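In: build the 3D model from these lines:
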Amino acid sequence: GTPPYSGTGTFPQMPGTQQYTVTDAAGCMSTVMVTIVSTDATPPTINCPASNTVTPPSGECTYTISGTAYNATASDNCSVASLINDLNNLASLNGVVLSAGPHLIEWTATDVSGLMNTCQFTLTVAACKSITGVILWQGDGAAGVNNVNVALTGDATDTDATVPAGTYSLIANAGSNFVITPTKNTGGMFNGVTAADATAIQQHLTGSAYITDFYRLVAADCNKSNTISSVDAALIRQGLLGNPSAMAILNATNAWRFVRTDYVPVLAGPYVLDNFSLYSTRAINISGSVAGQDFYGVKTGDVLEEGFPGPDPGIANPALKPDPSAKPLVWRVRDRMLKTGETVDLEFSAINFNDIAAFQHGMRFDPAALQFQNLHITNTTLPLDASGNFGLFQIAQGELRTLWSVAQGYTLPGVQPMYRVQFKVLKGGMKLSEAVSFDPTIMSAIAYTTPLAQREVQLVFTDYKQPGLPFANSQPGDYATFDLLQN
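Out: This is a model prediction of the structure:
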């Protein structure tokens, strides 16, 4: 046909200049450039979420938006070109972190014609409550207890661990009723605990020296029975000796106890404590942040408060040392050359056993050179027995622990044979003093008098050729000790 052509219809294209081609039945074509002008005057429709208040996750004061719940929606009679918010200028709020308080969020929708529409809503992050305090060592009321796990329960939950200064901080992001509970079972089960603590309990039970300080009574209640009994002293002795059954009980009741600083004890008597639940937690009702939620830390078993609550692992307080002017308790053993295949007896004799109420030491021997055979008590004056005062639980690894405690000290004159340890020699060619020693990493060598004054403990090997003289391989200070023995 011959143009011009006429007709009606719709243009599917968007506004702008478009090229159109018309082809008739005979295959003749004609091309024309057409400029399409939009007459769209309708902005897009936009819908925002309803305003809302959200609570941060446990232990946090900020709220992180997740997913699409707070995204706007938009539609348009033509098409929506973009939909963005004013917080991150993106099409989604996913991942945006909001602090506590109200946040006005605006969404903007733009259609293909450049027409815009906006909506707003408010997302409020509930304010959190800060709960702070400090855990102080009762031994001096000033040093912090490190690595205490402090748990918050009730209307909200959170946990924190104390730093070396003993401070902690908890976040309560909802509610008002909470319980604070500190616990600690690290830092050395026997940090500061010695045979003297068992003696202190025994003196308390016999009435010869009552423990009147509430916190020391808490320390003495080793099995957490709310009573003081001979079981507590036995747990200290057997625990120090390495008895697995005693260790299991002590581990189950935790290495530390905690008493809130505002607690006023009401003791029913010298052997009955207030129930543990009355002072070991803090129940609080708060409307805002609070400070001063403090506790005292009490080391289980450390009745004499000789522990040192520094950074874990805890150790005995280095400031506490035996009186250097007092004669040490000396354990004398005769030295000898070891011969492979022979059986040797180590006779432990005590010297300067003056008003001794407790003693302890850990002996290390070379298991490649010596094989333990048996142990025999040779002193009948002292209430000493193989099962109650000696720890053979690591004997195969070359470790023998000795511990004894009573309420009233004993004085034994001169040189007193106390016990005998028998070994089979597996490898000879060395002196006994080269294969046996006291090892403070097993147990500190120390003794206590009835008033619980410390006394140094020494192991002295006497010359196998001249039994009355100390041997050259004796431990440091033994010649001075020998001089003392002669005076």
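In: quick one, what contacts residue 22?
Out: Residue 22 makes contacts with 5, 29-32, as judged by CB atoms under 8 Å, 6 or more residues apart in numbering. (Glycine included, C-beta is placed from N, CA and C.)
In: go again with 6 Å.
Out: residue 30 (CB atoms under 6 Å, 6 or more residues apart in numbering).
In: just residue 285 next, same as before
Out: Listed by CB under 6 Å, 6+ apart, the contact set of residue 285 reads 176-177.
In: quick one: pLDDT of it?
Out: Note for residue 285: predicted pLDDT of 96.
In: please apply the same query to residue 459.
Out: Residue 459 is given a pLDDT of 97.
In: alpha carbons only: can I get the strand or helix carrying it in PDB?
Out: Using DSSP states H and E, residue 459 sits within strand 454-462. Taking C-alpha atoms only, strand 454-462 is exported to PDB below (Å, rounded to 0.1, in the frame of the first residue of the first chain):
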ATOM      1  CA  GLN A 454      54.600 -21.900 111.000                       C
ATOM      2  CA  ARG A 455      57.800 -23.900 111.200                       C
ATOM      3  CA  GLU A 456      60.200 -24.600 108.400                       C
ATOM      4  CA  VAL A 457      60.600 -28.300 107.400                       C
ATOM      5  CA  GLN A 458      63.900 -29.700 106.100                       C
ATOM      6  CA  LEU A 459      65.000 -33.100 104.800                       C
ATOM      7  CA  VAL A 460      68.500 -34.000 105.900                       C
ATOM      8  CA  PHE A 461      70.500 -36.900 104.500                       C
ATOM      9  CA  THR A 462      73.200 -38.100 106.900                       C
END
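In: what about stretch 367-384, average pLDDT?
Out: Mean predicted lDDT for stretch 367-384 stands at 95.
In: so for it, what gets flagged as buried?
Out: Residues 367, 369-372, 375, 377, 379, 382, 384 are the ones in stretch 367-384 that count as buried (16 or more other CB atoms under 10 Å).
In: ok, now stretch 276-286?
Out: 276, 279-282, 284, 286.
In: try stretch 107-116
Out: Under the neighbour-count criterion of 16+ other CB under 10 Å, stretch 107-116 has 107-113, 115 buried.
In: swap in stretch 59-75?
Out: For stretch 59-75, burial by neighbour count (16+ other CB under 10 Å) applies to 59, 61, 63, 65, 70-72, 74.
In: want to throw those into a markdown table with distance to residue 323?
Out: Listed next are these as a markdown table, based on distance: CB to CB, whole Å:
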| residue | distance to residue 323 |
| --- | --- |
| 59 | 50 |
| 61 | 55 |
| 63 | 62 |
| 65 | 68 |
| 70 | 73 |
| 71 | 77 |
| 72 | 81 |
| 74 | 86 |
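In: tell me the one among the residues you listed nearest to residue 339.
Out: Of all those, residue 339 sits closest to residue 59, with 66.8 Å by CB to CB.
In: who are the contact partners of that closest one?
Out: Counting by CB under 6 Å, 6+ apart, residue 59 touches 158, 171.
In: let's see it at 10 Å
Out: The neighbours of residue 59, taking CB atoms under 10 Å, 6 or more residues apart in numbering as the test, are 128, 152, 156-160, 169-173.
In: pLDDT below threshold where in the stretch 301-450 of the chain?
Out: The stretch 301-450 of the chain contains residues with pLDDT under 70 at 308-321.
In: assign the most centrally placed residue in the chain to helix, strand or coil.
Out: Among the residues of the chain, the one closest to the centroid is residue 147, at 4.2 Å (CA atoms, centre = their mean). Here residue 147 is coil, with the state taken from DSSP: H, G, I helix; E, B strand; the rest coil.
In: so it sits right up against residue 163, yeah?
Out: Yes - between residue 147 and residue 163 there is a contact under CB atoms under 10 Å: 8.6 Å.
In: quick revisit: by pLDDT, give me the weakest of the contacts of residue 59.
Out: Lowest pLDDT among the contacts of residue 59: residue 173, with 81.
In: if I pick that one, what's in contact with it?
Out: By CB under 10 Å, 6+ apart, the residues touching residue 173 are 55-63, 100, 125-129, 155-158.
In: could you rerun that using 6 Å?
Out: By CB under 6 Å, 6+ apart, the contact list for residue 173 reads 55-56, 128, 156.
In: now residue 256
Out: Counted by CB under 6 Å, 6+ apart, residue 256 has contacts 184, 297, 299.
In: and the pLDDT for the second one?
Out: The model reports residue 297 with a pLDDT of 94.
In: cool, the first one as well?
Out: As predicted, residue 184 sits at a pLDDT of 93.
In: tell me where the stretch 351-487 of the chain has strands.
Out: Taking DSSP state E, counting those that start in this stretch, the strands of the stretch 351-487 of the chain run over residues 353-365, 370-377, 390-391, 399-412, 416-425, 436-438, 446-449, 454-462.
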